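# Turn this into a structure:
(chains A and B)
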Amino acid sequence: MSVSNLLENWSKFRHTHPVDDKGHPDWEAYPSDIKWAMSIDLDACTGCNACSVACYAENNLPVVGKEKYSHGQAMHWMRIERYWDETAGVGEFSADQGARFLPMMCQQCEAAPCETVCPVGATNHTEDGLNSQIYNRCIGSRYCSANCPYKVRYFNWYNYPEQENAWPSPLNQQLNPDLTVRTKGVMEKCTFCKQRTYTARNNAKTEGRPVQDSDVQTACQEACPVGAITFGNLFNPESQVAKQWQSQQVELTKEVQDKDEKEGNRLRGYRILEELRPYPSVMYLERVRESAV
Amino acid sequence: MQHILRLFILLVGLFAGTGSYAADAAPKLTTPDDLGPQIEQPIEFPHFRHAGDAKDGGMQINCMYCHTYARRSMVAGIPPVQKCIGCHQSIESVRDKPRIQKLFEYWDAKKPIPWKKVHDLPDFVRFNHERHIQRFYFQQDRPYQEVCGYCHGNVKAMTVAQRQKPLTMGWCASCHQKDHPVSANSTETGHGPNDCFTCHK
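The predicted structure is shown next:
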């Protein structure tokens, strides 16, 4: 068999997308009545980084220091991306409009590219719509990170709690006991504050009622001074996040939103890299600026 | 003669060896003698006297009288010294027993009793007492001694508690895979969550 023959036939066996393998997600048969989702208003975001700091505090993220940061080994589950207008030429940026900010964290995709490539099944889909990451099972192959289109998975290159000065005393006193301090060689990422959603679901179940918006806030949402982040159950039509998604005509099940572009209909909602069909659970809201057109 | 004796010993050893190997090959998830270590506590607390049946000289106190948080929290909780004193200050008959004197020493010194953990799960595991008590005690109406005993064994017959079950993931899963009735008067069944993320944190 020649190489060209091999390459020609390879496309038959290549897996291109999880949806092609498993079929289009059947949202009617969703295993639970909870689907955690988020929406972030970029017009309100000032890029203050409070969400990122709150995430560090809530989720036991190690502070790696300047040198490791420059090697791309920062462990920020939530990072603020900055976008500048490039006007004058390549490499020259005008600050006329200032930077535009984009808080980026795990988008908790419904057809997640990371899940299908894990050789040991350490990342899989939970019934409430999260991409779980099981540290005990992770062997550190980093395939998931390579396959993530958003680059929001972070790898523990060092044993931070023991060898590195990640939490200099007395910072170690504020480590959150509701989740582990990860060890060397495992992948980690945003969990939509699993420990908080777990508590919310638990309390609601004991009281025999569905989860409400008032039950749970993620750490980033709680810290945001301008209230740009909304989090909740997308399947509950009363929740703030479901109302926002609906008013922006963004649907979880669609990779191309058919928005009704009527006059005066100022729709701002979009999801990042929707066309790759990962069906992300985070909607961003941003007014289209003249400079961007 | 010596040769035959040697052969005999060799054969016996061989059989014993393969026999024990066969036993190792398929370990059972729950074995009756799969006990935890004996842990020495600062005061040898007699569980059988407090929670035991009346015929064995026990007081039949509900587990959740002292381990109050079990029904409303992840952890069951160890009672504060105040709780012990609350009853024992008015029980004169046992006041001069060495254990009770030790208890009052801690109370007078305003120091908590440094109890040691007997059922210690790894830090990466999220076990929720509330969910299990809610399901089996409140919804299914089973006796509390049976419900607590699923994981803790027959504590009402023990002095210092000792781990009776392996408390490993396989052991948890062996029960989570079974279907249990949802409530006391219901034929509907359901099993525990088998999602990794629910218990692993």
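# Please name the nearest non-neighbouring residue to the residue of chain B found nearest chain A.
Proximity of chain B to chain A (Cβ to the nearest Cβ) peaks at residue B:197, 3.5 Å away. C-betas here are computed from N, CA, C, even on glycine. Once flanking residues are discounted, residue B:197 sits nearest to residue A:132: 3.5 Å by Cβ to Cβ, 6 or more residues apart in numbering or on different chains.
# Run through the residues that contact the residue positioned nearest the centre of chain B.
Centroid-nearest residue in chain B: residue B:152, 2.0 Å away (criterion: Cα atoms, centre = their mean). Shown in contact with residue B:152 (Cβ atoms under 8 Å, 6 or more residues apart in numbering or on different chains): B:119, B:161, B:164, B:165.
# Tell me the most packed of these, by neighbour count.
Counting neighbours by other Cβ atoms under 10 Å in any protein chain shown, residue B:164 leads the contacts of residue B:152 with 21 neighbours.
# out of everything not next to it in sequence, what's closest to that residue?
That would be residue B:153: by Cβ to Cβ, 6+ apart, it lies 2.7 Å from residue B:164.
# Residues contacting stretch B:54-67, please?
With Cβ under 8 Å, 6+ apart, stretch B:54-67 has contacts from B:48-53, B:70-71, B:76-79, B:83, B:133, B:144-145, B:148, B:155-157.
# near chain B, which residues of chain A?
Counting by Cβ under 8 Å from any Cβ of the partner chain, chain A comes close to chain B at A:124, A:126-127, A:130, A:132-137, A:178-180, A:191, A:194-195, A:198, A:202, A:205-206.
# Just the ones in helices from those residues, please.
A:194, A:195, A:198, A:202, A:205, A:206 (DSSP state H).
# Show me which residues of chain B are close to chain A?
Residues of chain B lying near chain A (Cβ under 8 Å from any Cβ): B:72, B:123-124, B:126, B:128, B:130-131, B:134, B:195-198, B:200-201.
# Select only the buried ones of those in PyMOL?
One line in PyMOL is enough to select the buried ones among the residues of chain B next to chain A; burial here means 16 or more other Cβ atoms under 10 Å in any protein chain shown:
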select buried, chain B and resi 124+126+128+130+131+134+195+196+197+198+200+201
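# for the residues of chain B next to chain A, which one is nearest residue B:42?
residue B:123 (23.9 Å; Cβ to Cβ).
# Chain A: strands as residue ranges?
Assigned by DSSP state E, the strands in chain A fall at A:36-41, A:79-83, A:85-89, A:92-94, A:100-104, A:123-125, A:131-133, A:154-155, A:187-188, A:229-233, A:269-270, A:282-285.
# If you could redo that for chain B, that was the one I meant.
Under DSSP E, chain B gives strands at B:180-181, B:189-190.
# and the first one, what does it pack onto?
Applying 3 or more Cβ pairs under 8 Å, 6 or more residues apart in numbering or on different chains; DSSP states H and E, one finds that strand B:180-181 contacts strand B:189-190.
# since we're on residue A:47, how many residues are nearby?
16.
# And residue A:145, by the same measure?
Burial measure for residue A:145: 17 neighbouring residues, criterion other Cβ under 10 Å.
# For it, which non-adjacent residue is closest in space?
Per Cβ to Cβ, 6+ apart, closest to residue A:145 is residue A:153, 4.1 Å.
# cool, residue A:81 as well?
Once chain neighbours are set aside, the closest to residue A:81 by Cβ to Cβ, 6+ apart is residue A:102, at 4.4 Å.
# list the contacts for the residue nearest to residue A:145?
A:106, A:114, A:144, A:145, A:187, A:188, A:189.
# Could you rerun that using 10 Å?
Shown in contact with residue A:153 (Cβ atoms under 10 Å, 6 or more residues apart in numbering or on different chains): A:77, A:106, A:114, A:123, A:131, A:133, A:142-147, A:187-190.
# List just the nearest of those residues to residue A:283.
Closest to residue A:283, out of all of the contacts of residue A:153 and judged by Cβ to Cβ, is residue A:106, at 14.4 Å.
# Number of residues surrounding the nearest residue to the closest one once chain neighbours are set aside?
Nearest-residue entry for residue A:106: residue A:190, 3.8 Å, with adjacent residues in sequence omitted and distances by Cβ to Cβ, 6+ apart. Residues lying near residue A:190 (other Cβ under 10 Å) number 26.
# How about the one 5 residues further on?
Residue A:195 has 17 neighbouring residues, counting by other Cβ under 10 Å.
# Let me know the pLDDT of residue 66.
No chain specified, so I'll use chain A. Here, the pLDDT recorded for residue A:66 equals 92.
# nope, chain B
94.
# Is the residue of the stretch 1-150 of chain A found nearest chain B bridged to anything, and to what?
As assessed by Cβ to the nearest Cβ, chain B sits closest to residue A:132 within the stretch 1-150 of chain A, at 3.5 Å. Taking DSSP bridges as the rule, residue A:132 bridges to residue A:124.
# All the helices of chain B, residue numbers only.
B:2-25, B:47-51, B:63-66, B:81-88, B:98-108, B:129-133, B:144-152, B:169-176, B:196-199.
# can you pull the contacts of the closest residue to residue A:77 other than its chain neighbours?
Nearest non-adjacent residue to residue A:77, counting by Cβ to Cβ, 6+ apart: residue A:190, 4.3 Å away. When contacts are counted by Cβ under 10 Å, 6+ apart, residue A:190 touches A:38, A:55, A:59, A:76-78, A:104-108, A:130-131, A:133, A:152-154, A:218, A:220, A:282.
# Please repeat the previous calculation with a cut-off of 8 Å.
A:55, A:77, A:78, A:105, A:106, A:108, A:152 are the contacts of residue A:190 under Cβ under 8 Å, 6+ apart.
# Please report the distance of it from chain B.
13 Å (Cβ to the nearest Cβ, to the nearest Å).
# Give the residue spans of chain A that score low on pLDDT.
Chain A contains residues with pLDDT under 70 at A:1-3, A:5-25, A:86-98, A:261, A:263-265, A:288-293.
# Show the residue spans covered by the helices in it.
Counting by DSSP H, the helices of chain A are A:3-13, A:18-22, A:50-58, A:66-70, A:113-117, A:143-147, A:160-163, A:194-206, A:219-223, A:240-247.
# and the residue lying closest to residue A:135 once chain neighbours are set aside, how far is that from chain B?
The shortest distance from residue A:135 to any non-neighbouring residue, by Cβ to Cβ, 6+ apart, is to residue A:186 (4.7 Å). Distance, residue A:186 to chain B, by Cβ to the nearest Cβ: 11 Å.
# Could you do residue A:279 as well?
From residue A:279 to chain B the distance is 19 Å (Cβ to the nearest Cβ).
# How many residues are close by residue B:117?
9.
# What about residue A:188, how many residues nearby?
As a burial measure, residue A:188 scores 21 neighbours (other Cβ under 10 Å).
# and the end-to-end length of stretch B:149-165?
10 Å (Cα to Cα, to the nearest Å).
# From the chain's centroid, how far away is that stretch?
4 Å (Cα atoms, centre = their mean, to the nearest Å).
# list the buried ones in that stretch?
B:149, B:151-153, B:155-156, B:158, B:160-165.
# Save those residues as CSV, and put in pLDDT too.
Formatted as CSV, these follow (pLDDT from 0 to 100):
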residue, pLDDT
B:149, 93
B:151, 93
B:152, 94
B:153, 92
B:155, 93
B:156, 91
B:158, 91
B:160, 91
B:161, 91
B:162, 89
B:163, 89
B:164, 89
B:165, 89
